[in-house]
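In: pasting a predicted model and its sequence here:
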Amino acid sequence: MKNSLHIQYKIELQASGMAEGPAARGLTVPEKLQRLRAYQASARESTFKELPFTPTLVGHFWRPRSSVTTLVSQIYEGDGLRVYVQQMPSAMRGIEERHWCLKLEAYHGLLAVDASQDLILVEKNDPGVNSSTLYFLSLSTGDPHPLAFVDSGRKLHKRANVEVFGDYCAAACWGPKRPCLTAWNWKTQSTDVNIYPPQPGPLFNFTFLDRSHIAVIARDILGILVYSLDPQQRKYRPTTFKLPHDINVGHTPTLASSTGVAGVDHPGIFHPGPSMRMLSLTFIAPPDDDEFVLNIPVDTLLARLRHRPAKVPWADWGPAGSRLAPRLLARPIVRSGLGSGMSMVMPAPDGRVAPDGAHFVVLSHFHPLRVAQARLRSASGLVEDATDTCPESLGGLHSATLPYVVEEFTMPWRGDRVDRPHKVIICEDQLFVIEESEDEDRIRLVKAWACTI
């Protein structure tokens, strides 16, 4: 009986797209199953609940990048860097509300955050030269991270773009010479990988697909190049996932990946599993410079890397494994357009207001499991497999037909609160609404609501 309950729990955990966090180790199988089912029931309700929340003074928010419901902002003052951290609560997943401030007098900029590993990457400008030194600190304390290599300082070009995922850190530099992407193990400072995107294309963007693959896209290169960080696989050339040949946008698209893998310090009982990761490829399409996002489940690409092909034609992966959708420019009510990457949040297109003064936002779900969950909720306003007009400059991307749905949510404020500034943010698997007020040219978070999606 015990084994059958364990199997049932594993089946339901996988079906929900979740993985187990370290906090689950102290719970029995019946307790974990009960928590998981309560979490799923909350997602089916799709209603906002006010959170226990302490007003917090912050600067501006970073987009959530790690697998924790943690928001981070930075302010540089005369004596150094201030980093404000707000961990949003989730009772069903065992995550408590926390907020704190790091005073980092010796540092000049915040480059990347991975709250699931209690990790923050900051830089210190080198005097008199066009470079800086990168340091790996604890997000909780501001001290050197205990897992970082003892000599964690690393020289970077000042224009470096930095990302971290698992054991690897990557930095892309655009200098007078050929641009280069360098990846290394930040815990051992070993296994440097230098990637030179092919010419032409002086500019490129990159993101991690998983713990051992980096995706790169360069200007005028019609494809997503996937490089392996595995030492045994580096002898192979990158795999190019071809894009339609008739794209004509004249710029380097933006790459971003979503949540999905948590580190050892994840505070929750559950977190989104690796299968939930998404890759988003943003194009600015002429003639009107509208933004369009190609949404790709990461498993679409990883499944085709097993045989290390040199090229994968668009017809073999794109039409059935991705979806193009417009990204409406956010009005003031919505400050985070892509959130976790699994869904896209925006105001209701017609700007309508309910008779009781309530406003609406809509979420576009692109991951197949998110689509299925939205259908089960049967929320009012659900639009099946929405169709959009694709500009000619994006060519054959219109053939990307992975189904997606548009779901409508009623905001938790009414009437007299409509004129107050709000943020609507997707962070992991929750939709947060945060009310703000200004305090001496700074923003104070006053009230917060959450809805499981």
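Out: That came through fine.
In: CA only for contacts and neighbour counts going forward, please
Out: OK.
In: what ranges do the helices span in the stretch 251-400 of the chain?
Out: Along the stretch 251-400 of the chain, counting by DSSP state H, counting those that start in this stretch, helices occupy 298-302, 314-321, 368-377.
In: Ser257 is nearest to which of the ones you listed?
Out: For these, proximity to Ser257 was assessed by CA to CA; helix 298-302 is nearest, at 8.4 Å.
In: which positions in the closest one come out as buried?
Out: For helix 298-302, the neighbour count (16 or more other CA atoms under 10 Å) marks Val298, Asp299, Thr300, Leu301 as buried.
In: off-centre distance for that helix?
Out: Per CA atoms, centre = their mean, to the nearest Å, the displacement of helix 298-302 from the mean C-alpha position of its chain is 16 Å.
In: can you give me the strands in the stretch 51-200 of the chain?
Out: For the stretch 51-200 of the chain, strands defined by DSSP state E, counting those that start in this stretch occupy the ranges 56-58, 70-77, 80-87, 98-104, 109-114, 119-125, 131-138, 154-157, 161-165, 168-173, 180-185, 193-195.
In: mean neighbour count and distance to Trp317 for the ones you listed - can I get that in CSV?
Out: Listed next are those as CSV, based on neighbours: other CA atoms under 10 Å; distance: least, CA to CA, whole Å:
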stretch, mean neighbour count, distance to Trp317
strand 56-58, 20, 43
strand 70-77, 19, 34
strand 80-87, 20, 37
strand 98-104, 16, 42
strand 109-114, 22, 30
strand 119-125, 22, 35
strand 131-138, 21, 37
strand 154-157, 17, 36
strand 161-165, 22, 25
strand 168-173, 21, 26
strand 180-185, 20, 26
strand 193-195, 16, 24
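In: redo the helices of the stretch 251-400 of the chain as JSON lines? Include mean pLDDT and distance to Thr410.
Out: Formatted as JSON lines, these follow (pLDDT from 0 to 100; distance: least, CA to CA, whole Å):
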{"stretch": "helix 298-302", "mean pLDDT": "92", "distance to Thr410": "30"}
{"stretch": "helix 314-321", "mean pLDDT": "94", "distance to Thr410": "31"}
{"stretch": "helix 368-377", "mean pLDDT": "83", "distance to Thr410": "14"}
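In: can I get those in CSV including distance to Ser90?
Out: Below are these laid out as CSV (distance: least, CA to CA, whole Å):
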stretch, distance to Ser90
helix 298-302, 26
helix 314-321, 32
helix 368-377, 19
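In: quick one: closest of those helices to Ser16.
Out: When the helices of the stretch 251-400 of the chain are compared by CA to CA, helix 368-377 sits nearest Ser16, at 7.9 Å.
In: poorly predicted segments of the stretch 301-450 of the chain, please.
Out: Across the stretch 301-450 of the chain, the ranges flagged by pLDDT under 70 are 328-342, 346-353, 378-388, 414-422, 428, 438-443.
In: burial count for Leu255?
Out: The local packing of Leu255 (other CA atoms under 10 Å) involves 21 other residues.
In: next up, the contacts around it.
Out: Asn205, Phe206, Thr207, Val216, Ile217, Leu279, Ser280, Leu281, Thr282 (CA atoms under 8 Å, 6 or more residues apart in numbering).
In: what about the last one, distance to Asp289?
Out: Using CA to CA, to the nearest Å, we find Thr282 at a distance of 12 Å from Asp289.
In: more crowded one of these two?
Out: Thr282 (20 against 10).
In: with adjacent residues omitted, what lies nearest to that one?
Out: Leaving aside its chain neighbours, Thr282 sits nearest to Val293 (4.4 Å; criterion: CA to CA, 6 or more residues apart in numbering).
In: measure the one you found to Asp192 for me?
Out: Taking CA to CA, one finds Val293 at 32 Å from Asp192.
In: more neighbours, those two?
Out: Val293 (21 against 16).
In: you'd agree that one is up against Ser343?
Out: No: Val293 is beyond contact range of Ser343, at 11.1 Å (criterion: CA atoms under 8 Å).
In: mind checking pLDDT for Ile120?
Out: Here, the pLDDT recorded for Ile120 equals 89.
In: quick revisit: ok, the buried residues of helix 298-302 vs Arg327, which is closest?
Out: Among the buried residues of helix 298-302, Val298 lies closest to Arg327 (CA to CA), at 19.7 Å.
In: wait, what's in contact with the closest one?
Out: So Val298 contacts Leu209, Ser275, Met276, Arg277, Met278, Leu279 (CA under 8 Å, 6+ apart).
In: who does the last one bridge with?
Out: When bridges are taken as DSSP bridges, the partners of Leu279 come out as Ser257, Ile296.
In: and it, how many neighbours?
Out: Leu279, neighbours per other CA under 10 Å, totals 26.
In: from Asp167, how far out is it?
Out: From Leu279 to Asp167 the distance is 20 Å (CA to CA).
In: ditto for the fifth one
Out: Met278 sits 20 Å away from Asp167, taking CA to CA as the criterion.
In: between those two, point out the one with more neighbours.
Out: Remark: of Met278 and Asp167, Met278 carries more neighbours, 25 against 17, as counted by other CA under 10 Å.
In: need the longest helix for the chain.
Out: helix 29-45 (DSSP state H).
In: ok and that helix relative to helix 368-377, angle-wise?
Out: If you take axes from the mean of the first three to the mean of the last three CA atoms, to 10 degrees, helix 29-45 sits at 70 degrees to helix 368-377.
In: please state the offset of helix 29-45 from the chain centre?
Out: With CA atoms, centre = their mean, you get 24 Å for helix 29-45.
In: can you redo the buried residues of helix 298-302 as CSV with distance to Glu392?
Out: CSV is the format used below for these (distance: CA to CA, whole Å):
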residue, distance to Glu392
Val298, 26
Asp299, 28
Thr300, 25
Leu301, 26
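In: next one: phi and psi at Tyr404?
Out: Dihedral angles of Tyr404 (phi, psi; degrees, to the nearest 10) stand at phi -140, psi 160.
In: wait, doesn't it sit right on His365?
Out: Yes: Tyr404 lies in contact with His365 (CA under 8 Å); the separation is 5.6 Å.
In: need the residues touching each of these two.
Out: With CA under 8 Å, 6+ apart, Tyr404 and His365 have common neighbours Val371.
In: pLDDT wise, what is Pro198 at?
Out: For Pro198, the pLDDT comes out at 65.
In: contacting residues for Phe48?
Out: Going by CA under 8 Å, 6+ apart, Phe48 touches Met411, Pro412, Trp449, Ala450, Cys451.
In: look up which residues are beta-bridged to Ser131.
Out: Counting by DSSP bridges, Ser131 is bridged to His157.
In: hmm, it is touching Leu156, no?
Out: Yes: Ser131 lies in contact with Leu156 (CA under 8 Å); the separation is 5.6 Å.
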